Structures are given as C-alpha cells and as structure tokens.
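> Pasting the sequence and the predicted coordinates here, then a few questions.
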Amino acid sequence: MGIGYFMTGTDTNIGKTIATTYLVDFLQKQGFDAIPYKPIQSGTIRKNNRLIGEDVDFYKEHLQLQEDYSYYNTYTLHTPVSPHLACKLENQHMDEELILSRYKELEKLHDVVIVEGAGGVAVPLMENFNTISLIKLLNIPVIIVTTLKLGTINHTLLTAEYLKNHHINIKGLIINRVPSTLNEMEEDNMFMIKKLTCLDILGWIPEMEENIIA
C-alpha cells in the first residue's frame with residue numbers, strides 16, 4: 001500500500017503541475033515507484049489527433065511514465081475554466097466516488113501518488129463540492145505551492161488558514177519560480193510566509209525554463 005499527497009496552490013497558474021512533476025521526478029530518482037494523478041483536468045490540447053489534458057501531457061513529456069494518458073487522469077474537460085462551469089458547458093457529470101476508487105487503486109499499485117488539484121483550495125469542482133471536499137474525501141496530506149511574488153504573504157496565509165480551518169493536514173510549502181538571487185522583498189516574503197503559516201518549506205524550484213526537467 002502506497003501513500004499519497006495532494007498538491008494545491010495559492011492561485012491558478014502558480015506552478016502546481018511543475019511542482020508535481022519535479023516531486024515525482026525526485027522520488028523516482030530515489031528509487032520509489034511514484035506517479036502523478038490529475039483527477040480533474042480543465043483544458044486540453046490536440047496531440048496525434050487526440051484531445052488530451054494539458055497537465056497530463058506535461059507529465060508524460062518530463063517523467064518516466066509508461067501508461068496511457070488516461071491512466072493519470074479521470075475527468076478531462078475541454079473548456080479551460082473552473083471544473084463546475086466546464087461540466088455545465090459540456091453537459092458532463094462527475095462522480096466523486098469514482099475519483100476516490102481510482103485513487104485507491106493507484107495507491108495500491110504505487111509507492112507514492114501525487115494528486116494534483118484543479119486551481120486553488122476553494123475552487124468548485126461541482127456544485128456543492130470543491131477542492132476541500134475532494135481533499136477530505138481522499139484523506140491525504142496537502143502540499144501548498146506558492147511563489148515569492150508580491151502578494152504571496154496574503155495568498156499563502158489565506159490558503160493555509162482555510163485548510164487548517166477545515167482540519168486538513170498540511171505537509172508544508174513548495175516555493176516555485178525562485179530567482180537565483182533574491183531581492184529584499186523576496187527574502188522577506190520567504191521569511192514571513194514560513195513565520196505566519198508555521199509551515200515548513202519543503203523545497204523550492206528555481207526560476208527556469210520548464211523543459212530542463214530531465
């Protein structure tokens with residue numbers, strides 16, 4: 001039986017997919033059978049005459065993954081908007097129990113499953129079911145992806161407090177897009193988000209081109 005972690009972010013396009021990929025890559029290189037899992041994907045690209053999820057395509061491009069795209073994704077919605085709206089526009093229905101059963105299957109087959117959420121912690125996935133609901137359903141610890149940009153103290157603290165208020169176990173923070181040399185604001189932001197959230201910084205990802213992941 002493996003373990004799982006849920007990757008969420010302080011904002012959309014904050015770097016959850018990159019952080020998920022880096023973490024899975026690191027674990028694989030340590031000898032673990034680690035995989036990413038994107039239960040719900042909003043936004044597709046066409047590849048080899050097939051519409052596939054953008055994030056799952058990124059996984060496949062940068063990780064040692066043998067299975068088909070569908071192995072790492074349960075619901076693929078074409079419209080790049082909040083999942084609840086994409087479902088409405090595309091006349092789709094999602095079943096949270098199907099996501100749970102699929103996660104449990106992957107947990108049995110692999111050492112570590114890194115589950116990447118859609119958007120932030122309050123994003124509605126269906127009417128009356130949001131990211132917090134999914135985290136509670138899966139019952140796994142959360143890793144928060146953030147950055148050092150202006151506004152990060154507020155965004156990171158609000159995300160952490162929202163999770164804590166829902167009694168979610170937070171493993172720590174991953175900071176994305178970290179410059180090689182920090183300016184005074186960035187240094188202070190790193191210090192303050194750790195101090196105010198009382199969370200460990202698990203690691204950071206340098207500000208670099210995405211395609212250098214090997």
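Looks like it came in fine. Numbers count the residues shown, from 1 in each chain.
> Per-residue pLDDT of the residue of the chain most remote from its centre, please?
Most distant residue from the mean C-alpha position of the chain: Glu184, 28.5 Å away (Cα atoms, centre = their mean). In the predicted model, Glu184 carries a pLDDT score of 98.
> gap between it and Leu148?
11 Å (Cβ to Cβ, to the nearest Å). C-beta: built from backbone N, CA, C; applies to glycine.
> For Thr17, see how far away Thr74 is.
The spacing between Thr74 and Thr17, counted by Cβ to Cβ, is 16 Å.
> Can you pick out the residue with more neighbours from those two?
Thr17 (23 against 18; other Cβ atoms under 10 Å).
> what's Thr146 in contact with, if anything?
Gly9, Thr10, Ile14, Thr152, His155, Thr156, Thr159, Leu173, Ile174, Ile175, Asn176, Ile193 (Cβ atoms under 8 Å, 6 or more residues apart in numbering).
> Can you verify my assumption that the first one contacts Val142?
This points to Gly9. No: with contact defined as Cβ atoms under 8 Å, Gly9 does not reach Val142; the gap is 10.5 Å.
> Between those two, tell me which one has more neighbours.
Legend: neighbour count by other Cβ under 10 Å for Gly9 and Val142, higher for Gly9 (29 against 23).
> give the contact list for that one.
Gly15, Lys16, Gly117, Gly119, Gly120, Ile144, Val145, Thr146, Thr159.
> Check Glu186 too.
Contacts of Glu186 (Cβ under 8 Å, 6+ apart): Leu148, Val178, Pro179.
> Format those residues as CSV; extra columns: neighbour count and secondary structure.
Output for the contacts of Glu186, formatted as CSV (neighbours: other Cβ atoms under 10 Å; DSSP: H, G, I helix; E, B strand; the rest coil):
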residue, neighbour count, secondary structure
Leu148, 23, coil
Val178, 17, strand
Pro179, 11, coil
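> Out of those, which comes closest to Tyr59?
Checking those against Tyr59 with Cβ to Cβ, the nearest one is Val178 at 21.9 Å.
> for the closest one, what are its contacts?
By Cβ under 8 Å, 6+ apart, the residues touching Val178 are Thr147, Leu148, Glu186, Trp204, Ile205, Pro206, Glu207.
> With Gly119 instead?
Gly9, Thr12, Ser82, Pro83, Thr131.
> Show me the one in the residues you listed that has more neighbours than the rest.
Busiest of the contacts of Gly119 [other Cβ under 10 Å] is Gly9, holding 29 neighbours.
> and that residue, what pLDDT?
The confidence metric pLDDT takes the value 97 at Gly9.
> Over to the one 5 residues further on?
Per-residue pLDDT puts Ile14 at 94.
> Was I right to think it contacts Ile174?
No: using Cβ under 8 Å, Ile14 is not in contact with Ile174; the gap is 10.0 Å.
> joint contacts of the two?
With Cβ under 8 Å, 6+ apart, Ile14 and Ile174 have common neighbours Val145, Thr146.
> List the strands paired with the one helix or strand Ile40 maps to, with their directions.
Take DSSP states H and E as the rule and Ile40 turns out to sit in strand 34-42. If you go by DSSP bridges, strand 34-42 pairs up with strand 73-77 (parallel), strand 112-120 (parallel).
> which residues sit against that strand?
20-21, 23-24, 27-28, 53-56, 59, 63, 65, 72-77, 79-83, 86, 94, 99, 102-103, 106, 110-116, 118, 125, 134.
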